[in-house]
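Asks: Have a look at this fold, sequence not included:
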């Protein structure tokens, strides 16, 4: 009987309380603890194998396997049973106490955690939401909102982040949206295609603080700028300390939409320098370049639509507003008060198409050609106006290649030498020429054959002797033939 009780205790693993009970039982039954353990140890595995359930044992096998002779007297048996009951009660109480303490401790901990969580949620619920939003932003960052000093997640207009957090998390072809304010961003290099736009047509100013360029985008990227204002930028410098593109320098494709550029400076491309440039609904004012293109320089192609270029200038060489190395397309745009010393008060290009645009008060400040436009090769001008432009040669428009000009007006342009309005190889049809002035050829100076059909010259006999409307010249000499080589139906 005593040994069965011992097995029951050992079945729940020997601990301090078990050893205490074993000592009591061993002393009462005249069986030493050491003897018990010595007998038990080699038989323990066999006992567990023959165990039929957690608390039910095969008593016959136990008796056969372990032969322990215990014949205590009735008094001793009673005392032993009583001791065992008391011991088990003590174990139960201690276990209950431990469980209670553990439960209290766990509950206290849980209650403390819940209290702390509730307090944190109540005190800083917005921060918690921003963290959640940041997690969402990390996984889906196609659109990020920013403000000048943003500290939010950037996932909504009510929680804008700052520029660097936005750029580091935005995906390729993503959109960073600027909220109202002035951003002091200088010398930012972009290595992925992006759209940078303003929120809800707000006033967003990016200020270079005369310390460098604002954005430089790398090759094989497309940068789209929408609704932003760029000012006080001084260009992206090369190894020779020459600055290209005062505010924007792009080696890829560049789209400029509803933007403003004013008071930017560079060696070439006072505001923008790029490869292929598309400009829509934008304004360029008072930008300056030292050598070329007071506002925009495109090393390949440039398309300008519904835009204005006012008061841009160059101090040394050419293209007061725009220099386009390859093809330029100008649609429904205006160029006013731009100037350069030698070539193209407004636009200098290889080939150009001008449609429904206005050129007013552009000029060359030194001896040169093309008060408004200088074109190296082929050009086409349709339904446009040239008013008050001036140069030494070609007061308004100069083209060295084949030219088509129709349905346009040339008014009050002037040249100090020849071609008050135009110097070109031309087909001039259905245009108006009024009050243009030059010593030789008030309206047109040309070489080769000039086809001038159905134009209005302000008088009924434009080619009569001495009226000086058209001037013919060759490379070697000039002759005032008053239209001898002109094919004209007036």
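Replies: Structure's in. What do you need? These figures come from a predicted structure and were not determined experimentally.
Asks: in the sheet, who's paired with residue 471?
Replies: residue 445 (DSSP bridges).
Asks: distance of it from residue 391?
Replies: Going from residue 471 to residue 391 by Cβ to Cβ, to the nearest Å gives 15 Å. C-betas here are computed from N, CA, C, even on glycine.
Asks: These two: which is more packed in?
Replies: Per other Cβ atoms under 10 Å, whichever of residue 471 and residue 391 has more neighbours is residue 391, with 36 against 26.
Asks: Check which element follows whichever strand or helix holds the more buried one along the chain.
Replies: If you go by DSSP states H and E, residue 391 is part of strand 390-393. Downstream of strand 390-393, the first helix or strand assigned by DSSP H and E is strand 397-406.
Asks: on contacts alone, who are the packing partners of that following strand?
Replies: strand 373-375, strand 379-382, strand 422-429 (3 or more Cβ pairs under 8 Å, 6 or more residues apart in numbering; DSSP states H and E).
Asks: Pull up the pairing partners for the first one, direction included.
Replies: Here strand 373-375 has these sheet partners by DSSP bridges: strand 347-355 (parallel), strand 397-406 (parallel).
Asks: which residues are in contact with it?
Replies: The contact list for strand 373-375, computed with Cβ atoms under 8 Å, 6 or more residues apart in numbering, reads 318-319, 343-344, 346-352, 354, 359, 379, 394, 396-401, 403.
Asks: could you redo the last one with a cut-off of 6 Å?
Replies: Residues from elsewhere that reach strand 373-375, judged by Cβ atoms under 6 Å, 6 or more residues apart in numbering: 343, 344, 347, 348, 349, 352, 397, 398, 399.
Asks: Burial check on the fourth one, number of neighbours?
Replies: Each residue near residue 348 was counted by other Cβ under 10 Å, and the total is 30.
Asks: just curious, which of the contacts of strand 373-375 is nearest to residue 273?
Replies: residue 348 (14.6 Å; Cβ to Cβ).
Asks: quick one: residue 272 and residue 174, what's the gap?
Replies: From residue 272 to residue 174 the distance is 22 Å (Cβ to Cβ).
Asks: For the two, indicate the residue with more neighbours.
Replies: residue 272 (33 against 18).
Asks: Farthest-apart pair in the contacts of strand 373-375, please.
Replies: Using Cβ to Cβ, the contacts of strand 373-375 span at most 13.6 Å, a distance reached by 343 and 352.
Asks: Which of the two has more residues huddled nearby?
Replies: Neighbour comparison, residue 343 and residue 352: the larger count goes to residue 352, with 26 against 22 (by other Cβ under 10 Å).
Asks: Just the pLDDT for the more buried one.
Replies: For residue 352, the pLDDT comes out at 97.
Asks: So what pairs up with it in the strands?
Replies: Residues in beta-bridge contact with residue 352 (DSSP bridges): residue 328, residue 379.
Asks: who's in contact with it?
Replies: Neighbour list for residue 352: 328, 375, 379 [criterion: Cβ under 6 Å, 6+ apart].
Asks: So residue 168 belongs to a helix, correct?
Replies: Yes. Under DSSP: H, G, I helix; E, B strand; the rest coil, residue 168 falls within a helix.
Asks: start the count at 43, not 1, going forward
Replies: Shifting the count to begin at 43 puts that one at residue 210.
Asks: Which residue in the contacts of strand 415-417 has the weakest pLDDT?
Replies: residue 441 (90).
Asks: From residue 411, how far off is it?
Replies: In terms of Cβ to Cβ, residue 441 sits 10 Å off from residue 411.
Asks: Looking at the two, which one has more neighbours?
Replies: Higher neighbour count among residue 441 and residue 411: residue 441, with 27 against 24, using other Cβ under 10 Å.
Asks: Correct me if wrong: the more buried one contacts residue 421.
Replies: Yes. Counting by Cβ atoms under 6 Å, residue 421 is a contact partner of residue 441 at 4.5 Å.
Asks: How many neighbouring residues does residue 372 have?
Replies: Count around residue 372 with other Cβ under 10 Å applied: 29.
Asks: go on, residue 348?
Replies: Neighbours of residue 348 (other Cβ under 10 Å): 16.
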